[in-house]
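**Q** make a model of this:
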Amino acid sequence: MKYKISEQDKAPAYLQLYRQLKDDIIGGAYPYNAKLPSKRLISSETGVSVVTAEHAYALLCDEGYIEPRERSGYYVIFREADGFAAGAKGGFVPPKALEHKSSGEGLSYPLLAKTMRRVISECAEAITEKSPNSGLSELREAISRYLIASRGISADAEQIIIGSGSEYLYGLVTELLGQDKLYAIEYPSYKKIEQLYNAKHIRYEMLPLGADGIESEALWRSNADVLHISPYRSYPSGVTAFASKRHEYLRWAKQKGRFIIEDDFESEFSVSAKPEDTVFSLTEQDNVIYMNTFSKTISPALRVGYMILPKRLLTEFEKKLGFYSCTVPTFEQLVLAELIANGDFERHINRVRRKRRTEV
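**A** Below is the predicted model of the structure:
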């Protein structure tokens, strides 16, 4: 095969080479299990360096088109039946506003694509089956193991409920705790919290934030039944509640019938050597509902979140809301379960945290 690097093409040489090789693989020039030309041969033919050729091959490996075999070379592992083949030329073109767009801290596309291929290959027809209402056991168990190892949060898989993003889960919580309750939220806070409470005609009050969390005077003056907080980098203020403030929240919640909703969004990316203790992990009253999503850590396009219910609410949740079907497709849940179980998710978190530390 003769590959050419065009000076008129603004794409880097490795990317041009990658695209040509990928097209040949998808087109059948290199069928399944076929050996690709060596990096040195590609380098000689195209005039690029061996390093450039190696970079192109690495991208193909990351996306699951080829794999290296020790002392033998690179072999095609792509099969058309596996899916994800490129569309015909002249087909769909991504909108320019979205082209090459990245969150910067989300999971890399090659790794995500590679995991998707693996799930399709290994899980076969399971991806077309309906998810249990609370979410797949594989994902709930993976999250449970990850949280105890990385966040010090001890929660059984049965306490974890999977849903399509925080707004959906907020809605479930209000139905579970009661829409006749008085809720308290931070001021300022994430706008959609207020919008959701308004949409559900829920009474709420706004408690002003100080330098280390909700101001004590406002907190203790509140007669709310439910306190809705974001202890780590509350949006849009960026205020993080200190350890003493988190314990103050728990003292407030000791009054009979009170609950805390803890939204722990983005806390995985804390630059401290040890992530801050969550309010959920600190409570002895079994009255904190913990919530988080994968929107920032993996991709905002992946609308997957989860909440951890106190054990005392599990029976009531099943009775009131157990009939709700899970809103996250089985395929996406299996992809997430694989990313967490094989360590790719945690390695990604650690990379971003190291990067943030160097920027501080």
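**Q** end to end on stretch 60-76, go ahead and measure it.
**A** End-to-end span of stretch 60-76 (CA to CA, to the nearest Å): 9 Å.
**Q** next: stretch 238-246.
**A** End-to-end distance (CA to CA), stretch 238-246: 16 Å.
**Q** list of residues touching that stretch?
**A** 209-214, 229, 231-234, 249, 276-277, 279, 282 (CB atoms under 8 Å, 6 or more residues apart in numbering). The C-beta positions use only the backbone N, C-alpha and C, and glycine is treated the same way.
**Q** highest neighbour count among those residues?
**A** residue 214 (28 neighbours; other CB atoms under 10 Å).
**Q** partners of that one in the sheet?
**A** residue 209 (DSSP bridges).
**Q** tell me what the helix or strand bottoming out on mean pLDDT in the chain is packed against?
**A** Between all helices and strands in the chain, the lowest mean by mean pLDDT, DSSP states H and E belongs to helix 344-359, at a mean of 79. Applying 3 or more CB pairs under 8 Å, 6 or more residues apart in numbering; DSSP states H and E, one finds that helix 344-359 makes contact with helix 109-123, helix 137-150, helix 330-341.
**Q** residue 316 in helix, strand or coil?
**A** Per DSSP: H, G, I helix; E, B strand; the rest coil, the secondary structure class of residue 316 is helix.
**Q** so who does it touch?
**A** residue 176.
**Q** could you rerun that using 6 Å?
**A** By CB atoms under 6 Å, 6 or more residues apart in numbering, the contact set of residue 316 is empty.
**Q** and if you look at residue 252?
**A** residue 219.
**Q** next: residue 261.
**A** 173, 228, 289.
**Q** ok, residue 33 next?
**A** Residue 33 sits in contact with residue 75, where contact means CB under 6 Å, 6+ apart.
**Q** what's the helix or strand for it?
**A** Assigned by DSSP states H and E, residue 33 belongs to neither a helix nor a strand.
**Q** distance of it from residue 53?
**A** 21 Å (CB to CB, to the nearest Å).
**Q** give me the below-cutoff pLDDT ranges for the chain.
**A** Scanning the chain for pLDDT under 70 picks out the ranges 1, 62-63, 80-104, 269-275, 357-360.
**Q** not counting sequence-adjacent ones, nearest residue to residue 262?
**A** The shortest distance from residue 262 to any non-neighbouring residue, by CB to CB, 6 or more residues apart in numbering, is to residue 279 (4.7 Å).
**Q** how about the helices in this protein?
**A** Here the chain has its helices, by DSSP state H, at 13-27, 39-46, 50-62, 109-123, 137-150, 166-177, 191-199, 216-221, 243-252, 279-282, 314-321, 330-341, 344-359.
**Q** tell me which residues are up against the second one.
**A** For helix 39-46, the surrounding residues in contact (CB under 6 Å, 6+ apart) are 3, 5, 50, 53-54.
**Q** ditto for the fifth one
**A** Contacting residues not belonging to helix 137-150 are listed as 153-155, 157, 160, 333, 336-337, 340-341 [CB under 6 Å, 6+ apart].
**Q** ok, which pair from these is furthest apart?
**A** 154 and 333 (22.2 Å; CB to CB).
**Q** give me the more crowded residue out of these two.
**A** For residue 154 versus residue 333, neighbours defined as other CB under 10 Å are more numerous around residue 333 (24 against 12).
**Q** not counting its neighbours along the chain, what's nearest the residue most central in space within the chain?
**A** For the chain, residue 294 is the residue whose C-alpha lies nearest the centre (CA atoms, centre = their mean; 2.2 Å). Ranked by CB to CB, 6+ apart and with sequence neighbours excluded, the top spatial neighbour of residue 294 is residue 304, at 5.0 Å.
**Q** can you check residue 226 too?
**A** Residue 226's closest residue in space is residue 183 (CB to CB, 6+ apart), at 4.6 Å.
**Q** can you get me a residue count around that neighbour?
**A** Residue 183: 22 neighbours (other CB under 10 Å).
**Q** residues touching it, list them.
**A** 202, 204, 224, 226, 228 are the contacts of residue 183 under CB under 6 Å, 6+ apart.
**Q** adding distance to residue 192 and neighbour count, write the residues you listed out as TSV.
**A** Converted to TSV, those look like this (distance: CB to CB, whole Å; neighbours: other CB atoms under 10 Å):
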residue	distance to residue 192	neighbour count
202	13	17
204	13	18
224	19	20
226	17	23
228	12	26
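**Q** the residues you listed into TSV, with extra columns for distance to residue 37?
**A** Shown next, in TSV, are these (distance: CB to CB, whole Å):
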residue	distance to residue 37
202	64
204	65
224	68
226	63
228	59
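**Q** among these, which one sits closest to residue 348?
**A** The closest of these, once distances to residue 348 are taken by CB to CB, is residue 228, at 28.6 Å.
**Q** which strand residues bridge the closest one?
**A** The partner residues for residue 228, given DSSP bridges, come to residue 185, residue 261.
**Q** what do you get for residue 239?
**A** residue 234.
**Q** report how many residues lie close to it.
**A** 21.
**Q** again with residue 337
**A** Neighbours of residue 337 (other CB under 10 Å): 23.
**Q** any idea of the angle the least confident helix or strand of the chain forms with helix 109-123?
**A** 170 degrees (axes from the mean of the first three to the mean of the last three CA atoms, to 10 degrees).
**Q** I am finished for the moment; much appreciated.
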